[in-house]
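S.K.: Would you be able to build a 3D model of this:
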Amino acid sequence: MTDLTKTPVTVITGFLGAGKTTLIRHLMQNPQGKRLAVLVNEFGTVGVDGDILKSCADENCPEENILELSNGCICCTVADDFIPTLEKLMAMPQKPDHILIETSGLALPKPLLKAFDWPAIRSRITVDGVIALADAEAVAAGRFAPDEAAVQAQREADESLDHETPLSEVFEDQIACADIVLLSKADLAGDAGLSAARAVIEAETPRKLPILPLTDGVIDPRVILGLGAAAEDDLAARPSHHDGADDHEHEDFDSVVIDLPEISDPADLTARIERLAREQHILRVKGHVAVAGKPMRLLVQAVGERIRHQYDRPWGDQPRVSRLVVIAEHHDIDEAAIRAVLTA
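M.R.: Model prediction:
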């Protein structure tokens with residue numbers, strides 16, 4: 001039984017663009033009387049997600065309770081970065097009642113769970129639950145493997161064979177480690193898409209899990225907080241492709257940061273990002289852009305060819321710097337070609 005004196009931590013994982021930040025914003029706005037803290041792990045050097053969350057800070061989750069780790073994946077920087085940051089949160093004059101961790105979209109959750117066994121924090125913190133977000137529309141379209149059924153058959157026939165792409169391994173490990181799976185962007189997937197996505201996920205889960213639809217990050221916090229899973233004590237029930245491995249192959253992915261001049265036409269930028277997705281297989285683009293004549297900064301979020309942008313807040317006293325993080329599999333990253341498309 002979970003020691004009630006321990007501070008609960010919810011790990012929120014999911015593939016690139018699945019909606020983790022949107023979900024956390026909703027939880028911050030509906031804290032159920034709890035004082036929250038948020039730990040954001042970015043892949044890349046620009047804290048876009050942390051910046052978005054800080055814009056939502058209030059008395060229930062003040063800005064000083066929103067911390068970013070941008071020096072690498074938290075499960076690879078446990079001693080130098082992750083543990084000290086958790087200790088910093090726990091040492092605050094008003095200790096948080098609940099901590100939310102947004103992992104990088106490329107992170108495997110199981111190595112992170114193992115970090116909670118460190119003596120420095122084990123007696124004070126417990127993993128309340130792991131929430132995996134999956135883009136329902138993408139999963140329904142079978143984007144994580146060319147043929148899900150064939151791949152599954154190969155795995156069952158010979159577990160020593162590795163026919164998975166890095167993307168599918170990340171996806172499957174996140175699902176296998178979860179206590180609840182949220183099918184995000186349910187409105188875009190529709191009933192048929194949700195059914196198809198649910199079938200794919202059910203085929204991958206090592207145990208029966210709640211699988212719930214989600215639109216715009218809105219869900220009753222009582223459903224996903226307060227699970228009492230003590231996941232750090234339940235690792236055997238959360239199998240991973242990388243069990244026993246010394247690392248989890250972050251070298252399969254890479255990111256570049258592109259600084260842009262002020263733009264005049266957001267539609268033109270959208271077309272350029274779509275071109276990157278088609279021609280260079282870019283997985284994710286995110287950042288802020290200065291638009292000529294506009295006092296507010298333009299938030300850009302792209303997953304493949306699906307691009308969303310909105311003016312999120314005034315620049316104020318901040319420099320009007322346009323900067324995008326571009327993420328792709330390692331063999332698809334060509335910084336010069338990416339820069340040429342975005343800045344031509």
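S.K.: pLDDT of stretch 185-197, averaged?
M.R.: Stretch 185-197 shows a mean pLDDT of 92.
S.K.: So which residues make contact with it?
M.R.: Here stretch 185-197 makes contact (CB atoms under 8 Å, 6 or more residues apart in numbering) with G19, A134, D135, A136, E137, V139, A140, L183, P213, L214, T215, D216. Where you see a C-beta, it was placed from the backbone N, CA and C, and this is true even at glycine.
S.K.: Helices along this structure, start to end?
M.R.: 20-29, 48-54, 83-90, 109-115, 119-122, 136-140, 148-157, 166-177, 186-204, 221-224, 266-280, 335-343 (DSSP state H).
S.K.: So which residue of the chain lies furthest out from the middle?
M.R.: G293 (32.7 Å; CA atoms, centre = their mean).
S.K.: ok, that one - contacts?
M.R.: Applying CB under 8 Å, 6+ apart, no residues qualify as near G293.
S.K.: Could you tell me how far it is located from L182?
M.R.: From G293 over to L182 the distance is 39 Å, taken as CB to CB, to the nearest Å.
S.K.: do R143 as well
M.R.: According to CB to CB, R143 stands 17 Å off from L182.
S.K.: Looking at those two, which has the bigger crowd around it?
M.R.: Of the pair R143 and L182, L182 is the one with more neighbours under other CB atoms under 10 Å, namely 26 against 15.
S.K.: for the more buried one, what are its contacts?
M.R.: So L182 contacts 14, 19, 23, 131-134, 211-214, 219, 224 (CB under 8 Å, 6+ apart).
S.K.: which residues does it bridge with?
M.R.: Using DSSP bridges, the beta-bridge partners of L182 come out as L133, L212.
S.K.: coming back round to it: just the buried members of the contacts of stretch 185-197?
M.R.: G19, A134, D135, A136, E137, V139, A140, L183, P213, L214, T215 (16 or more other CB atoms under 10 Å).
S.K.: pretty sure the third one is touching A18, no?
M.R.: What it means is D135. Yes: taking CB atoms under 8 Å as the contact criterion, D135 and A18 are neighbours in contact, 5.0 Å apart.
S.K.: so what's in contact with the two at the same time?
M.R.: With CB under 8 Å, 6+ apart, D135 and A18 have common neighbours S184.
S.K.: okay, the contacts of stretch 185-197 in TSV with distance to P96 next?
M.R.: Supplementary listing: these in TSV, determined by distance: CB to CB, whole Å:
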residue	distance to P96
G19	23
A134	27
D135	29
A136	31
E137	34
V139	33
A140	37
L183	28
P213	29
L214	24
T215	28
D216	25
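S.K.: If we only consider those residues, which is nearest to P111?
M.R.: Proximity to P111 was ranked across these by CB to CB; first place goes to A134, at 19.9 Å.
S.K.: I'd like the distance between that closest one and P239.
M.R.: 18 Å.
S.K.: How about L182?
M.R.: L182 is 21 Å from P239, where distance means CB to CB.
S.K.: One more: G293?
M.R.: Relative to P239, and taking CB to CB, G293 is found at 54 Å.
S.K.: sorry, back to before: now, which of the contacts of stretch 185-197 sits nearest L100?
M.R.: The nearest one, if we look at the contacts of stretch 185-197 relative to L100 and count by CB to CB, is G19, at 13.9 Å.
S.K.: now the nearest residue to the closest one once chain neighbours are set aside: how far from D268?
M.R.: Excluding the flanking residues, the one nearest G19 by CB to CB, 6 or more residues apart in numbering is S184, at 3.9 Å. According to CB to CB, S184 and D268 sit 28 Å apart.
S.K.: Comparing those two, which residue is more hemmed in?
M.R.: Using other CB under 10 Å as the criterion, S184 and D268 rank with S184 on top: 31 against 9.
S.K.: Distance check, that one against I131.
M.R.: The spacing between S184 and I131, counted by CB to CB, is 11 Å.
S.K.: next one: V326
M.R.: From V326 to I131 the distance is 27 Å (CB to CB).
S.K.: what does E279 give?
M.R.: E279 sits 34 Å away from I131, going by CB to CB.
S.K.: Those two: which has the busier surroundings?
M.R.: Legend: neighbour count by other CB under 10 Å for E279 and I131, higher for I131 (27 against 10).
S.K.: V223 is in contact with that one, correct?
M.R.: No: using CB under 8 Å, I131 is not in contact with V223; the gap is 9.7 Å.
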